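Asker: Turn this into a structure:
(2 chains)
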Amino acid sequence: MTEISDNGVFEEVPSPFCGVGTDDLAIKVVGKVVKVIKNGCRVNTPAFEQPIGDIRPRVEGKKVSLKVAIDRAANLLRKAQLPLFGGLATDVNGMRETLALADRTGAIVDNMNFEKALRNFRVVHDSGWINTTLAEVKNRCDLLVVVGCDIEALFPRFFERYLWTEDCMFLDDPGHRTVVYLGKGPSGPASKSPSGKPAKVLACPNADLPEVLAVLRALVKGNSLDITGVGGISVGELQRLAMQLKKARYGVVTWAAGAMEFSNADLTVETICQMIKELNVTTRCSGLPLGGKNGDQTSYQVAGWQTGFPSRIDFSAGFPEYDPYLNSIESRLADGSGDLLLWVSAFDAEATPPTTRLPRIVLGRSGMKFEKEPEVFIPIGTPGIDHSGHAYRTDNVVALRLPKLRESSLPATSDILAAIEQALQET
Amino acid sequence: MLIKLAGGTVYDPKHGVNGEIRDIFVQDGRVVEKPSDLKINAEYDLSGKVVMAGAIDLHTHIGGGKVNIARTLMPEDHRADPVHRTELTRSGCGHAAPSTMVTGYRYAEMGYTAGFEPALLPINARQAHMEMGDIPILDKGGYVMLGSDDFLLRLMAEKKDQKAINDYVAWTMVAAQAIGVKVVNPGGINAFKFNQRKLDLDENGPHYGVSPREILLCLATAIKELGVTHPLHIHGCNLGVPGNKDTTLNTIRGLEGLPAHLTHIQFHSYGNEGDFKFSSGAAEIAELVNANKNISIDVGQVMFGQTVTASGDNMRQFANNHHADPKKWVCMDIECDAGCGVVPFRYKDQNFVNALQWAIGLETFLLVDDPWRVFLTTDHPNGAPFTTYPHLIRLLMDKSFRQDMLQTINPSAAAMTILGSIDREYSLYEIAVMTRAGAARILGLQDRGHLGAGAAADITVYTPHEDKQRMFEKPDFVFKDGELVVRDGEIVKVTWGTTHVVRPEFDNGIEKLLKPYFDRYLTMKLGNFKIYNDEITEDGRGSLTEHPLQFGGAA
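Answerer: Next comes the predicted model:
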């Protein structure tokens, strides 16, 4: 449990922002001002310290009471034939209420990052994977293969917390782990071992990763290939990597679906995952999909247990219908089939809703700014700062208990959505 | 509010009531003695009806990471069984890995009022409780999984005394909000992380040099010494391996009289005889169970059709991945704590192995004499979804139906089972024992599973029928804590059950060992790992019910 020390500092604070479950932050709170004083990073520090904005709700740009805003939101929802619920960046309780309201109003729900996450979900729906979690990486991983992502730019404390650790249960010297980048190389020094050994980089444009991974998988299977190179990487180098994977006692292949910006990237994730399965015939090797910032995994998990599906769920027929393509909010906005947008974004004031001609109800982190003012804007608290809650980290296994750090009077997502649902029932 | 359930035929094995016509009075959610002041607020005429306590499923995978993986893996299965929203109930999905709300509705619609998640990984217990928090009507609880976690194996390898083990077990139970402890493939999940593919009962595991037998003994001893009522819940070594009956027999013998519950024993009752080197070990195992009063079992019955298996035993799930149908599966190693494996299965009645599995499960039910020590499970969803229970009850209660079914399975399997020669038919009283009174007793739920004064008014009312499947799939009434939640097999009110826990005592000094371990090796602070009461109760729906410890022998 996050503890507050005598000097007003919260110790062991978990972060819902970074996706990799850091829970060792020290945070000082004075009034409504939050300051990370220990173990901050490029992602967490600004996310925690984002200053509080206006806390009054607005209807058509005018400051109103919370009740007026809730009633207006309920009215808009009552009139809507096919509401679209997007963003979905919130905590477990926020997502629970989102789904309750969607079920009642026949909405389509879609997380704002699902287009990226779908690259992984397609693989789970179609063939599955062998994955691991962060503590296993920390204690067992002797070979880390990083596919197409600059980990330290996305997850600044990954190497410090999970690879270059002082302590490790099963490796004599965790500083001797091998790191190989495939595709994009690292932007900074975090992947360099404590003794200064840089990671090996087999560089290629990310767009060549499908071919490169297909070749690597073929080599792992022992197939011989009548080519000398692929994507600018020699087959000899890939052959060496295939051997390293086979010889590793606990290899880990990591990727960030969000960073795989090329078409049909799900097929490349599948190639990685099938290769890992094949490696496990003789040794151990696991995948580690990285992501989970700002409540992404939370949204997929809660939708998973309440509906069976992760996102892009249409409740309009009275039951959850999953279509990972048709039910994207983006395409629904484009084809004009929705008639209201409800946007939930409790973690990042910059994760604003798309601009559309449809009326918009926005539950946004206080301080959110808009190009075009929405019909209803209700500033909400951030889980883990303004109210307690739960959020998942990237490996899906660990849910963090988020504490309340300050008294801001900003409501939780779940409180607002429950009030809207209540208002809907009262008429 | 006083309710009278008048003139039903009552089966209440805890009090030896076997089909007697009785009135039952319910006040403020509890069964009460006949009150002297007879102002009845509601009366139900139950003449001609069968009345039992609400049923309790003591082993059902209804919450936690692997269940949600199973859901994610099976979109096509959900599409085949969409569940519509009603005025009262939420929408969701059904069949093999139903959504949480649908899980609660469908259990309640069958007359069940409690379900226990058997595999609460300590590090994932928070998720399991959150999922179970979204299961309406049912009471729930979980068994925390130990035995492949590195901390325990370190304690054992360092030859720490039993007291240290007890403190760790108790600390973990409290931190994870559990009512029992389960061990899954003891040491095996850990060994798989070192690339070992099999770990026999007396084989020393890698790195720590600790054998499964030692793990079982040390955990079973801890449970007994801590006063936890539910005995160590054991998913043994070598699940699904032909010939594993010997492992199971040795496991029972090796427990040296300590209380233990062997779960989904059907999957651990295989011989290796016959043309296909696969045969039934049920008779031998049942004989040993009958002779060892310290042992209880649940069956893990296989039923034919599509399902998805979700288990902590990733060593065995990986080994079985080639059986995946459809061809997709997930395995995970988890946080130096445990693992999981999720593999879809389609059990076919014309497949020799599947058909014999079906027969082995039924042999087990019918050959174990004491219904207080054998429990009705399909290891949902691993042997079949829990919605098959009424069919299973018919198989147990109706010999001629069983014989008819036996005629339809793979003939080679039919020839390998003694099922056709078993005449036993379960009585309603015995069904009430195995699904109510016995389950409550083995879990230490003193106010559930019976209809005596003081019991929680979890009550199910059936119309008797020759076809027991029809009888049990659609109760007339189900009361949960005194509230009518189901009428004619349909939800009429949605309530929220409690979470049952025990809190064994421990010396807090164990945190002096645990804190540095968390700081050095795990990825979460010890304080952030513990699940606090308000996490379960703060939504205003959930609650915690703590049960007393019990020292000095069986219930």
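Asker: who's in contact with the residue nearest the centre of chain B?
Answerer: Central residue check for chain B by CA atoms, centre = their mean: the C-alpha nearest the mean position is that of B:H59, 0.6 Å away. B:H59 is in contact with B:F116, B:P118, B:H233, B:T263, B:H264, B:D298, B:G300, B:F375, B:T377, B:D379, B:H380, counting by CB atoms under 8 Å, 6 or more residues apart in numbering or on different chains. Quick note: C-beta positions are derived from backbone N, CA and C, even for glycine.
Asker: which stretches of the stretch 1-150 of chain A form strands?
Answerer: All strands of the stretch 1-150 of chain A, identified by DSSP state E, counting those that start in this stretch, fall at A:3-4, A:9-13, A:25-30, A:33-38, A:58-59, A:62-63, A:83-89, A:108-111, A:130-131, A:143-147.
Asker: Relative to A:K277, which of the ones you listed is closest?
Answerer: The minimum distance between A:K277 and these falls on strand A:130-131, with 5.8 Å, by CB to CB.
Asker: contact partners of the closest one?
Answerer: Where contact means CB under 8 Å, 6+ apart, the residues beyond strand A:130-131 that reach it are A:273, A:276-277, A:280, A:285-289, A:395, B:318, B:330-333.
Asker: Report the buried members of the residues you listed.
Answerer: Among those, those classed as buried by neighbour count (16 or more other CB atoms under 10 Å in any protein chain shown) are A:273, A:276-277, A:280, A:285-289, A:395, B:318, B:330-333.
Asker: Just checking: the least confident one among those is which?
Answerer: Comparing pLDDT over those, the lowest score belongs to A:D395 (92).
Asker: for it, helix, strand, or coil?
Answerer: At A:D395, secondary structure determined by DSSP: H, G, I helix; E, B strand; the rest coil is coil.
Asker: Make JSON lines from the strands of the stretch 1-150 of chain A and add mean pLDDT to it.
Answerer: Converted to JSON lines, the strands of the stretch 1-150 of chain A look like this (pLDDT from 0 to 100):
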{"stretch": "strand A:3-4", "mean pLDDT": "74"}
{"stretch": "strand A:9-13", "mean pLDDT": "97"}
{"stretch": "strand A:25-30", "mean pLDDT": "96"}
{"stretch": "strand A:33-38", "mean pLDDT": "97"}
{"stretch": "strand A:58-59", "mean pLDDT": "98"}
{"stretch": "strand A:62-63", "mean pLDDT": "98"}
{"stretch": "strand A:83-89", "mean pLDDT": "98"}
{"stretch": "strand A:108-111", "mean pLDDT": "98"}
{"stretch": "strand A:130-131", "mean pLDDT": "98"}
{"stretch": "strand A:143-147", "mean pLDDT": "98"}
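Asker: domains of chain A?
Answerer: Dividing chain A into domains by automatic domain parsing, as the record does, gives the ranges A:3-46, A:52-115+A:294-425, A:131-279.
Asker: Pick the most buried one from these.
Answerer: The highest mean neighbour count among those belongs to domain A:52-115+A:294-425 (a mean of 22), with neighbours defined as mean count of other CB atoms under 10 Å in any protein chain shown.
Asker: How about that one and chain B, touching?
Answerer: Yes. Taking CB under 8 Å from any CB of the partner chain as the criterion, domain A:52-115+A:294-425 and chain B are in contact, through A:92-93, A:96, A:100, A:103-104, A:301, A:304-310, A:315, A:318-322, A:388, A:390, A:392, A:396-401.
Asker: Show me how far stretch A:347-359 is from its chain's centre.
Answerer: Here stretch A:347-359 shows a centroid-to-chain-centroid distance of 18 Å under the convention CA atoms, centre = their mean, to the nearest Å.
Asker: Contacts for that stretch, please.
Answerer: Residues external to stretch A:347-359 that are found in contact with it (CB under 8 Å, 6+ apart): A:16-17, A:47, A:50, A:53, A:76, A:84, A:86-87, A:89-90, A:112, A:294-295, A:329-330, A:333, A:338-341, A:343, A:345, A:360, A:362, A:364-372, A:374-375, A:382-383.
Asker: Please tell me how far B:I215 sits from chain A.
Answerer: 18 Å (CB to the nearest CB, to the nearest Å).
Asker: Kindly tell me how buried that residue is, as a neighbour count.
Answerer: The number of residues packed around B:I215, counting by other CB atoms under 10 Å in any protein chain shown, is 25.
Asker: who touches it in this structure?
Answerer: B:G147, B:L152, B:L153, B:M156, B:V183, B:P186, B:G187.
Asker: Could you say which helix or strand holds it?
Answerer: For B:I215, the element it lies in under DSSP states H and E is helix B:212-226.
Asker: How about A:W343?
Answerer: A:W343 belongs to strand A:340-345 when assigned by DSSP H and E.
Asker: Surely B:M145 is within a strand?
Answerer: Yes. Per three-state DSSP, B:M145 lies within a strand segment.
Asker: Enumerate every residue touching it.
Answerer: Under the criterion of CB under 8 Å, 6+ apart, the contact partners of B:M145 comprise B:A119, B:L120, B:L121, B:P122, B:V181, B:K182, B:V183, B:V184, B:G312, B:D337, B:A338.
Asker: Quick one: those residues as CSV, columns for distance to chain A and pLDDT too.
Answerer: Formatted as CSV, the contacts of B:M145 follow (distance: CB to the nearest CB, whole Å; pLDDT from 0 to 100):
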residue, distance to chain A, pLDDT
B:A119, 13, 96
B:L120, 12, 97
B:L121, 8, 97
B:P122, 11, 97
B:V181, 20, 98
B:K182, 17, 98
B:V183, 19, 98
B:V184, 16, 98
B:G312, 12, 97
B:D337, 8, 97
B:A338, 10, 97
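Asker: so which of these comes closest to B:D404?
Answerer: Of all the contacts of B:M145, the one with the least separation from B:D404 (CB to CB) is B:A119, at 35.4 Å.
Asker: pLDDT score assigned to B:D539?
Answerer: Among the per-residue scores, B:D539 shows a pLDDT of 89.
Asker: re the thing from before, let's have the contacts of B:H59 in CSV, adding neighbour count and pLDDT.
Answerer: Supplementary listing: the contacts of B:H59 in CSV, determined by neighbours: other CB atoms under 10 Å in any protein chain shown; pLDDT from 0 to 100:
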residue, neighbour count, pLDDT
B:F116, 27, 98
B:P118, 31, 98
B:H233, 27, 98
B:T263, 28, 98
B:H264, 25, 98
B:D298, 29, 98
B:G300, 28, 98
B:F375, 24, 98
B:T377, 30, 98
B:D379, 28, 98
B:H380, 28, 98
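Asker: what's the most distant pair in the residues you listed?
Answerer: Largest separation among those by CB to CB: B:H233 and B:H380, giving 15.1 Å.
Asker: Quick one: residues contacting A:P289.
Answerer: Counting by CB under 8 Å, 6+ apart, A:P289 touches A:N120, A:N131, A:T254, A:W255, A:A256, A:A257, A:V269, A:T394.
Asker: can you do 7 Å?
Answerer: The contact partners of A:P289, taken as CB atoms under 7 Å, 6 or more residues apart in numbering or on different chains, are A:N120, A:N131, A:W255, A:A257, A:T394.
Asker: Can you show me the CA trace of the helix or strand hosting it as CSV?
Answerer: Using DSSP H and E, the element containing A:P289 is strand A:284-290. Taking Å, rounded to 0.1, in the frame of the first residue of the first chain, the C-alpha atoms of strand A:284-290 are listed here in CSV:
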residue,chain,number,x,y,z
ARG,A,284,12.4,-22.1,-23.3
CYS,A,285,11.6,-18.8,-25.0
SER,A,286,8.7,-16.4,-24.4
GLY,A,287,7.1,-13.3,-25.8
LEU,A,288,6.7,-10.1,-24.0
PRO,A,289,4.3,-7.7,-25.7
LEU,A,290,4.9,-4.1,-24.4
